[in-house]
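Visitor: Here is my input; please provide its structure:
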Amino acid sequence: DTPGGVTVEYQRKVAKELIQYFKEKEYEKQVLENQAFGWVKKAEISNGRWVMFGLLVGMMTEYATGKSFTDQVAITLTYMGFANFDV
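Guide: Next comes the predicted model:
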C-alpha cells in the first residue's frame with residue numbers, strides 16, 4: 001500500500017469526477033448565457049429597442065399627419081375592424 005492511503009486508482013476516479021463536474025458547470029453557464037426567452041438581458045434589450053422604434057415611428061407619423069398618438073391608435077383599430085371610432 002501507498003503511504004497516506006491514496007492510490008493512483010482513487011486519484012483517477014476523483015479526477016474524472018472533477019472533469020465531469022466542471023463540464024456540467026460550463027454547460028450550465030452556456031445555457032444561461034444563451035437563453036433567449038423569459039426575463040433575460042438579451043430579451044429586455046430587444047424589447048427596449050422595439051419600443052424605442054415604435055415610439056419614433058409614432059412621433060414621425062404624428063409630425064407628418066398632424067394626428068396625435070391616441071388618434072393614430074383609434075384610426076388603426078377602426079381600419080382593422082376592431083372598433084368604430086369617429087376620427
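
Visitor: which stretches of this structure form helices?
Guide: 8-33, 41-65, 69-80 (DSSP state H).

Visitor: What's the mean pLDDT across the second one?
Guide: Spelled out, that is helix 41-65. Taken as a whole, helix 41-65 has an average pLDDT of 91.

Visitor: orientation of it relative to helix 8-33 in degrees?
Guide: Inter-element angle recorded for helix 41-65 and helix 8-33: 10 degrees (by axes from the mean of the first three to the mean of the last three Cα atoms, to 10 degrees).

Visitor: and for helix 41-65, what are the contacting residues?
Guide: 35, 36, 37, 67, 68, 69, 72 (Cβ atoms under 8 Å, 6 or more residues apart in numbering). All C-beta spots, glycine's among them, are computed from the backbone N, C-alpha and C.

Visitor: Give me the neighbour count for residue 68.
Guide: 11 (other Cβ atoms under 10 Å).

Visitor: and it, what does it touch?
Guide: Residues near residue 68 by Cβ under 8 Å, 6+ apart: residue 62.
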